[in-house]
Every structure is written in structure tokens, then in C-alpha cells.
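J.: I'll drop the sequence and a predicted model, then ask my questions.
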Amino acid sequence: MIAARALTMRCGGRRLLDEVSLELQPGEVVAIIGPNGAGKSTLLRAMSGELRSEIGVVTLEGRPLAAWHPVDLARRRAVVSQNVALAFPITGRDVVGLGRLPWHATPQAARDVHAVEAALETVGATGIAAQRYATLSGGERQRIQIARALAQLDGAAHPAALLLDEPTASLDISHVGVILRLIRRLALQGAAVMVVLHDLNEVSFAADRVMVMAEGRCVAAGPPAAILRPRLLEAVYGIPFQRRGDALLPEFTTD
């Protein structure tokens with residue numbers, strides 16, 4: 001569905017991406033992991049069309065993203081970025097409503113109210129929807145942004161793609177569960193989902209495939225059972241890991 005081929009990107013003499021390739025298919029969740037500065041968010045922004053690589057290409061259904069009209073692209077893929085701040089005095093519900101803009105003046109516009117309210121309910125944000133977005137906590141804003149993406153893809157006639165950058169980072173544990181189950185459900189319904197995560201146990205729960213990145217490169221990729229192994233993770237993160245039951249935990253020591 002969305003495919004990146006040999007993406008290479010530099011900034012200030014540093015390679016942010018180094019010949020990275022990745023393909024997202026309908027019906028699966030691909031998790032991107034790796035240490036800070038590995039290139040995870042840069043890859044997601046390139047695959048969404050926000051950034052254009054110096055070398056390589058990103059395609060949707062075989063066509064380069066640059067060849068798609070922005071409105072048509074917005075009807076096929078939605079993006080949830082980190083820490084979205086808005087200075088305008090609008091409510092959470094208004095923010096979710098922005099996701100319906102690509103459907104303006106189409107028959108799907110008749111679904112606007114339903115799509116917004118359904119998305120708010122799905123992420124458990126109905127109770128905060130009337131509050132001003134600027135007054136919400138980081139976790140509440142994140143849920144609103146995920147709802148905005150869901151509303152944006154409501155009515156898509158073709159398999160849609162959802163790209164999320166650390167969607168659980170600011171959430172309490174109960175809402176982490178809500179979002180991870182949502183991600184799985186969307187994939188089962190046919191969406192292609194790409195998600196940047198830091199918690200490896202969340203990856204184990206949510207992902208069908210995992211890409212490990214370090215220094216702008218893909219260093220490993222495959223199913224979670226093959227990738228989430230202590231020896232591989234130690235080489236990437238520089239600290240030892242161990243399994244305790246079903247959990248994969250880093251080993252921290254004090255001198």
C-alpha cells in the first residue's frame with residue numbers, strides 16, 4: 001500500500017535516514033523501535049509525505065506521494081504526530097472536526113457529525129470534547145489527535161493507512177490499553193498501521209512486524225518473536241535485557 005524504497009536523508013552532515021526501505025500492507029501493524037535519534041520519526045514523516053527524501057521514493061498504490069493531490073492523499077492516510085500544540089481557542093471537538101475537511105462538499109460530508117462523535121467515543125474523549133484544546137493535558141491532547149485521525153479516515157472507500165508517532169507516550173495505563181486495542185482492531189478491519197513505540201511490551205502486544213532502527217538505518221526487521229530478543233536489543237540500546245515471564249525488561253544497575 002505505502003512503500004518506501006531506499007530513503008536517504010541528510011541534515012548538517014548527519015544521515016537521518018540511510019537507505020531505509022519499508023512497505024505497509026493493509027491488515028497489519030508495523031512498529032518502529034530504536035533509541036532516541038535513530039530516525040524513527042523522520043521515517044514516519046517521510047512515509048506520510050511531510051518530508052521528502054534526497055534519495056529514494058515513497059509510493060501509495062504504486063504512485064509517488066508527490067503525484068497525489070493533497071485532498072486525495074488525506075482521504076487515504078492520516079497522521080498522528082508528537083506534541084501537537086494549537087494556539088487557537090478551539091475545543092477538542094473542533095480539533096476532531098478538522099479531520100473531516102478532506103470530505104467537504106462530498107457525499108461523505110453527511111457523516112461529519114457521526115464521524116466526530118464516534119471517534120471521540122472510541123478513544124474515550126467524549127467527556128473532554130467541550131474543553132479548550134489548549135487546556136488539556138498531554139495525554140488528553142493525544143487522544144483528541146487520534147480521534148481526529150479516525151474521523152479523517154471515516155468513509156474511506158479504499159484501505160486506509162494510519163501513521164502514529166509515539167501515540168501512547170503521554171497516556172495513563174488505562175488509555176494505553178484503549179489505544180493499543182484500537183490499533184489492533186483497525187488492522188483487523190483492513191487498515192495499514194505504522195506506529196513508533198518505545199515500550200517493547202506494547203510492541204509485543206500490538207505489532208505484526210517490527211523494524212529496529214539505529215543511526216538512521218534498519219538493523220533488523222521481522223515478527224516480534226524473532227526481533228524482541230535480549231541479545232539483539234542489547235546491541236541496539238547498549239543495555240542488557242531479560243525476560244521475566246511474558247515481559248521483556250531492561251536491566252538497570254547502580255554502582
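T.: Now that the structure is in, tell me what you want to look at.
J.: please verify my assumption that Ile183 contacts Val196.
T.: No. With contact defined as C-beta atoms under 8 Å, Ile183 does not reach Val196; the gap is 11.9 Å. All C-beta spots, glycine's among them, are computed from the backbone N, C-alpha and C.
J.: so Leu197 touches Ser204, yeah?
T.: No. Using C-beta under 8 Å, Leu197 is not in contact with Ser204; the gap is 9.9 Å.
J.: quick one: which of these two has more around it?
T.: Applying other C-beta atoms under 10 Å to Leu197 and Ser204 shows that Leu197 carries more neighbours, namely 26 against 18.
J.: which residues touch the more buried one?
T.: Residues near Leu197 by C-beta atoms under 8 Å, 6 or more residues apart in numbering: Ala31, Ile32, Ile33, Glu166, Thr168, Val203, Ala206, Ala207.
J.: burial count for Ala225?
T.: 9.
J.: same check, this time on Ala115
T.: For Ala115, the count of nearby residues is 24 (other C-beta under 10 Å).
J.: for Trp103, see how far away the nearest residue to it once chain neighbours are set aside is.
T.: Distances taken as C-beta to C-beta, 6 or more residues apart in numbering put Asp154 closest to Ala115, at 3.8 Å, once the chain neighbours are dropped. Separation of Asp154 from Trp103 (C-beta to C-beta, to the nearest Å) stands at 8 Å.
J.: who touches both of these two?
T.: Contacts common to Asp154 and Trp103, judged by C-beta under 8 Å, 6+ apart, are Arg111.
J.: take the contacts of Leu197 and lay them out in CSV including neighbour count, pLDDT and distance to Arg111.
T.: Listed next are these as CSV, based on neighbours: other C-beta atoms under 10 Å; pLDDT from 0 to 100; distance: C-beta to C-beta, whole Å:
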residue, neighbour count, pLDDT, distance to Arg111
Ala31, 27, 98, 30
Ile32, 29, 98, 31
Ile33, 27, 97, 35
Glu166, 20, 95, 29
Thr168, 25, 93, 28
Val203, 22, 96, 33
Ala206, 24, 95, 28
Ala207, 26, 97, 30
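J.: got a markdown table for those residues, with secondary structure and distance to Ala226 too?
T.: Formatted as a markdown table, those follow (DSSP: H, G, I helix; E, B strand; the rest coil; distance: C-beta to C-beta, whole Å):
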| residue | secondary structure | distance to Ala226 |
| --- | --- | --- |
| Ala31 | strand | 13 |
| Ile32 | strand | 16 |
| Ile33 | strand | 13 |
| Glu166 | coil | 23 |
| Thr168 | coil | 23 |
| Val203 | helix | 12 |
| Ala206 | helix | 16 |
| Ala207 | coil | 12 |
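J.: which residues in this protein form strands?
T.: 2-11, 14-24, 28-33, 55-60, 63-64, 77-80, 161-165, 192-196, 209-214, 217-222, 241-244, 247-250 (DSSP state E).
J.: for Arg148, find the nearest of these.
T.: strand 77-80 (7.8 Å; C-beta to C-beta).
J.: how about residues contacting the closest one?
T.: For strand 77-80, the external contacting residues (C-beta under 8 Å, 6+ apart) are 2, 44, 48-50, 60, 99, 142, 145-146, 148-150, 152-153, 160-165, 167.
J.: now a ChimeraX select for only the buried ones of these.
T.: Selection of buried members from the contacts of strand 77-80 for ChimeraX, criterion 16 or more other C-beta atoms under 10 Å:
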select :2,44,48,49,60,99,142,145,146,148,149,150,152,153,160,161,162,163,164,165,167
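J.: cool, thanks, signing off.
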